[in-house]
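Peer 1: I'd like to go over a predicted model; first the sequence, then the structure.
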Amino acid sequence: MTRPRIVIGNWKMNPLTPAAATTLATAVAREAGRVVRVGVAPPALFIPVVAEVLRETRVGIYAQDVSAEEKGAFTGQIAATMLTSYVNGTLVGHSEARRYLGDDDERVAKKLIQVLRAGLEAVLCIGEREDEFDAGATEDVLAAQLGAPLHALSESDRDGRMTERFVIAYEPVWAIGTGRPATGEHATAATKTIRRVLEEDGGIDGDAIPILYGGSVTASGAIEFAKAEGIDGALVGGASLKAEEFAGIVRAFA
Ligand code: PGA
């Protein structure tokens, strides 16, 4: 099974001006090759301006988050349908949205369905916290985090087409922004768990679903994940704000 290689830069709440976002997007587009699918996830407010810069390029655009609701009285939220004019897909369930915005597995599951129903690609982020890692509970945590999304998918995805746009990012929370990436070996073990759960609990062909690794990926560290069995790309935070560093990560996966 050949899965696509995907590298997405999650800019988080950076950079702070549309001009700086334009500059970064332009530099990313210049460096992007042809082998790997490259994407950037700018802050929501800058999505249209970045989309304009990237219009004729191969670089995809992602949102960082989306509403769990379809439309209506949800102040501050952005509906998946609104995103369709600008982006290829969106992250859902990033650990920072879970931690700072209160996303739980049920809400993440609702977001996932909104995104896939709108025809967008969904990058579902899952991963264990440090205490869970220390307790050897990674497998259980991943299975639990996949529970509600897989249940929602089985109810909504009648013809199996939604999973064609389903991507998973394995991001151990203790590795995000800490400069302490997981090992390739740990990431590979996580992909095995994830694909087993996809099959056993979701009835989904796990081999068909791309799994990205995220958490302190740098250009020099990316090789380990590019070589790791079962890992199909990277979700990059801090290092995606430097176009050259990001390009190095893309090259590692090429
Ligand atoms: P990081 O973030 O690369 O800065 O660790 C990854 C992420 O949060 O997606």
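Peer 2: Good, I have the coordinates. Residues are numbered from 1 along each chain as shown.
Peer 1: Would you mind giving the secondary structure of the residue lying farthest from the centre of the chain?
Peer 2: Ranked by distance from the centre of the chain (C-alpha atoms, centre = their mean), the top residue is Ala73, with 27.2 Å. Assigned with DSSP: H, G, I helix; E, B strand; the rest coil, Ala73 falls in the coil class.
Peer 1: Give me the distance between it and Gln114.
Peer 2: Using C-beta to C-beta, to the nearest Å, Ala73 is found at 16 Å from Gln114. Quick note: C-beta positions are derived from backbone N, CA and C, even for glycine.
Peer 1: Distance check, the residue farthest from the centre of the chain against the ligand.
Peer 2: Ala73 sits 30 Å away from the ligand when distances are taken as C-beta to the nearest ligand atom, to the nearest Å.
Peer 1: Can you read off the backbone torsions of that residue?
Peer 2: Main-chain torsions, Ala73, degrees, to the nearest 10: phi -80, psi 80.
Peer 1: how about the residues of the protein that lie near the ligand?
Peer 2: Within the chain, the residues that sit near the ligand (C-beta under 6 Å from any ligand atom) are 10, 171, 176-177, 214-217, 235-239.
Peer 1: Taking those, tell me the two that lie furthest apart.
Peer 2: The most widely separated members of the residues of the chain next to the ligand, counting by C-beta to C-beta, are Glu171 and Ala239 (13.8 Å).
Peer 1: So which of those two has more stuff around it?
Peer 2: Neighbours were counted for Glu171 and for Ala239 using other C-beta atoms under 10 Å; Glu171 has more, 30 against 20.
Peer 1: Now that one. Nearest residue, chain neighbours left out?
Peer 2: With C-beta to C-beta, 6 or more residues apart in numbering as the criterion, Glu171 has its nearest non-adjacent residue at 3.8 Å, and that residue is Gly214.
Peer 1: tally of neighbours for that neighbour?
Peer 2: There are 28 residues near Gly214, going by other C-beta under 10 Å.
Peer 1: if I look at it, how far off is Arg165?
Peer 2: Between Gly214 and Arg165 the distance is 19 Å, computed by C-beta to C-beta.
Peer 1: cool, Asp232 as well?
Peer 2: Distance from Asp232 to Arg165, by C-beta to C-beta: 15 Å.
Peer 1: With Gly233 instead?
Peer 2: From Gly233 across to Arg165, the span is 15 Å (C-beta to C-beta).
Peer 1: So the two - more neighbours on which side?
Peer 2: The residue with more neighbours, out of Gly233 and Arg165, is Gly233; 30 against 16, by other C-beta under 10 Å.
Peer 1: Residues in a beta bridge with that one, which ones?
Peer 2: Listed by DSSP bridges, the beta-bridge partners for Gly233 are Ile6, Leu212.
Peer 1: Which residue does the stretch 151-254 of the chain have closest to the ligand?
Peer 2: The shortest separation between the stretch 151-254 of the chain and the ligand is 2.2 Å, found at Gly237 (distances taken as C-beta to the nearest ligand atom).
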